[in-house]
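Chemist: Okay, sequence plus prediction incoming.
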Amino acid sequence: MSLDETPTRTPWQRIRVASFAILGVAAVAITGVLLVGRRGDDSGSSEWSAPASRSPGGDRATARQGSFDVVLPVSGELAALRKIEVRNKLEGRAIITEIAPEGKRVAAGDLLIKLAEEELTTKLKDAEDKLKTAQGEVIAAEQNLSIKEQEKQSELEKADVAVRMADLGFQGWLNGDVVKKRQELATALETNRIDAERLAKRFDEAKSLVEKGFISRDDYEKDRVALIQANAKVKQAEIDIKVYDEFQYPQDEAKKKSDLDQARAERGRTEQKKDAELVKARTELDSARFKQQTAQERLDQTKQQIAYCTVNAPSDGLVVYASSLESGGWGRGSETPPPQAGTELKPNELVMILPDTSAMVANLKVSEALSGRIKPGQRVTVFSDASPGVPISGDVLGVSVLAESGGWRDPNRRDYTVRVALEQREDLALKPSMRCKAQILLDEVREALSVPVQAVFRKGRASFVYIPDGGGYAQKLVRVGRTSEVDAEIVDGLAAGDVVLLREPRADEITSQLSPESINPPAADSREARAGSAGEGAGGGAGRPGRPGKPEVTVPAATPAADAAGAKPGE
């Protein structure tokens, strides 16, 4: 079967065939090159065909008109789009009594892990007892508070009565006793004055009567004594009024006011005392309620911890132990045996993950130089190592923000991770961490003249091919457009059917070389050449030595992207 015919081999078989054909004639072995699909017409056929006709000798090819895809061959591994981490949520000692076997596909609700719960059961009983005790203390504190409130009300009512009585006593004294006393003193003074005046008149009359002999001297002296006594009573009454106003009244008033003030002060002291007792009672109630709340929280926490002893699958998935994960630092570690019955877990330890294998992605490694050409939505064809002959369609989700180092093997290498969402293929039984190879479709070249990429060489600013010339080969200047890992678009310099050499000829085979002006054109031509180079770069030309975009390289060599197709991620 000729190379122009549609092969029946798988894409990876075609890669090996093309590599072995080139290996016999190339100066440097080209390995890992993936043969991309060429579309011979616009009918939508997905058949694969060689990009250009090759001579029976294997070192020449024919430029042809057609279509080809610009793809980037990469490698990586499969992963689940969604996964659930299963961790040990127990705060204390956790010992596994039952665990689902690794690799088992579980449905939502299936048992994953069963932990020993005897210690937690004992703690649960203690927590229940403490809660009951705390509840009793709350009831006692509430009753004590109620009693204190009632006592305050009763004592204040008694104090209010005492204040009322003191106030009424003061008002009764002021409006009763004082008025009465002053009336009595005024009456006594007025009575004594009238009596004194009467006795004075009588004594004056007694003088004339004693002189006339109508009364005896003894009666006269009696009248004089009575007058003296009456005047003394008048003075005494005046003194009584003065003593009352100046001494007795202020004294009584001070005492009555003092009694009222003391009653009011006693009420205030009673209120303060009862308020202090209420504050203490409320504090004791708050403390009892806090203890009850704490006891309730500990009880609920213990119940929750007991519930954590039984871990069921929250959704469908595949059981993968954390000890199987190749990521140092989380899980039990690669050197620790997988969890089993009797294994003691640390708090918050990752025990297993449940990848949802119904939605898978491919994590592909792309070199830093090519990462800028990857865009979300680009089509990708993925081949898992488990089923290398079965293509899986996918679309680019995105490119990682940070690059990963090549490690100690290649510290200067930087790879970005490209996440590709894959179509659902339940028939393939895809699993996380499966190795895979992929082709990222970067561009589609339609109805263009092309030659194998091995036929294009660069020197200075010039791109050229070798064409047959008599018994040797001559350098032919060409302008290169878009390129893939296999084909190179020839914009100018060749015609359909032209034969080109797929290797660098020996010195004695070269019959004609490019002129220095062609290799290093003048300034005007340089700008045009740079514009052409920019167009070639936009089409995806740069990516390997010996192709457009890598100056001063004349020998085709293996490409980093092609090498990456056969390498493991991270190598």
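Modeler: Now that the structure is in, tell me what you want to look at.
Chemist: what ranges do the helices span in this structure?
Modeler: Taking DSSP state H as the criterion, the chain carries its helices at 11-23, 118-172, 178-212, 217-243, 249-308, 368-371, 516-519, 523-538, 560-565.
Chemist: Reformat these as CSV; add distance to D316.
Modeler: Where C-beta positions appear, they are placed from N, C-alpha and C, glycine not excepted. Below are the helices of the chain laid out as CSV (distance: least, C-beta to C-beta, whole Å):
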stretch, distance to D316
helix 11-23, 33
helix 118-172, 29
helix 178-212, 101
helix 217-243, 111
helix 249-308, 22
helix 368-371, 34
helix 516-519, 64
helix 523-538, 45
helix 560-565, 33
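Chemist: Of those, which is nearest L112?
Modeler: For those, distance to L112 was read as C-beta to C-beta. The smallest value, 11.9 Å, belongs to helix 249-308.
Chemist: for the closest one, what is the average pLDDT?
Modeler: In this model, helix 249-308 has an average pLDDT of 94.
Chemist: Buried residues in stretch 380-393, which are they?
Modeler: By 16 or more other C-beta atoms under 10 Å, the buried positions in stretch 380-393 come out as 380-384, 387, 391-392.
Chemist: What residue spans form the domains of this structure?
Modeler: For the chain, the domain assignment from automatic domain parsing gives the residue ranges 11-81+357-565, 83-116+310-355, 120-308.
Chemist: which stretches of the stretch 1-150 of the chain aren't confidently modelled?
Modeler: By pLDDT under 70, the low-scoring segments of the stretch 1-150 of the chain are 1-57.
Chemist: Now with 50, please.
Modeler: 1-56 (pLDDT under 50).
Chemist: again with the stretch 401-550 of the chain
Modeler: Flagging of the stretch 401-550 of the chain using pLDDT under 50 yields the residue ranges 524-550.
Chemist: Kindly recompute the last result at 90.
Modeler: Scanning the stretch 401-550 of the chain with the threshold set as pLDDT under 90 gives 403-414, 424-433, 443-444, 459-462, 470-471, 483-486, 513-550.
Chemist: sorry, back to before: name the stretch among the domains of the chain that sits most buried.
Modeler: domain 11-81+357-565 (a mean of 18; mean count of other C-beta atoms under 10 Å).
Chemist: coming back round to it: so which of the helices of the chain gets nearest G103?
Modeler: Nearest to G103 among the helices of the chain is helix 249-308 (24.4 Å), distances taken as C-beta to C-beta.
Chemist: Which strands and helices lie in contact with the closest one?
Modeler: In this structure, helix 249-308 packs against helix 118-172, with contacts taken as 3 or more C-beta pairs under 8 Å, 6 or more residues apart in numbering; DSSP states H and E.
Chemist: So which elements touch the helix it packs on?
Modeler: Helix 118-172 packs on helix 249-308, going by 3+ C-beta pairs under 8 Å, 6+ apart.
Chemist: Run the angle between the helix it packs on and helix 178-212 for me.
Modeler: The directions of helix 249-308 and helix 178-212 differ by 170 degrees, with axes from the mean of the first three to the mean of the last three C-alpha atoms, to 10 degrees as the criterion.
Chemist: roughly how far is stretch 232-250 from the heart of the chain?
Modeler: Using C-alpha atoms, centre = their mean, to the nearest Å, the distance from the centre of stretch 232-250 to the centre of the chain it belongs to is 95 Å.
Chemist: Other residues contacting that stretch?
Modeler: The set of residues that contact stretch 232-250 without belonging to it, under C-beta atoms under 8 Å, 6 or more residues apart in numbering, is 178, 181-182, 185-186, 188-189, 192-193, 195-196.
Chemist: and which of those is nearest to N363?
Modeler: Distance to N363 across the contacts of stretch 232-250 (C-beta to C-beta) is lowest for V178, with 107.8 Å.
Chemist: For the closest one, list the residues it contacts.
Modeler: Under the criterion of C-beta under 8 Å, 6+ apart, the contact partners of V178 comprise 249, 252.
Chemist: ok so, going back, out of the helices of the chain, which gets nearest to T97?
Modeler: When the helices of the chain are compared by C-beta to C-beta, helix 118-172 sits nearest T97, at 10.1 Å.
Chemist: hmm, back to that, with pLDDT and distance to R419 added, can I get the contacts of stretch 232-250 in JSON lines?
Modeler: Output for the contacts of stretch 232-250, formatted as JSON lines (pLDDT from 0 to 100; distance: C-beta to C-beta, whole Å):
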{"residue": "V178", "pLDDT": "93", "distance to R419": "105"}
{"residue": "K181", "pLDDT": "91", "distance to R419": "110"}
{"residue": "R182", "pLDDT": "92", "distance to R419": "111"}
{"residue": "L185", "pLDDT": "93", "distance to R419": "116"}
{"residue": "A186", "pLDDT": "94", "distance to R419": "117"}
{"residue": "A188", "pLDDT": "93", "distance to R419": "121"}
{"residue": "L189", "pLDDT": "93", "distance to R419": "121"}
{"residue": "N192", "pLDDT": "92", "distance to R419": "126"}
{"residue": "R193", "pLDDT": "93", "distance to R419": "127"}
{"residue": "D195", "pLDDT": "91", "distance to R419": "131"}
{"residue": "A196", "pLDDT": "91", "distance to R419": "131"}
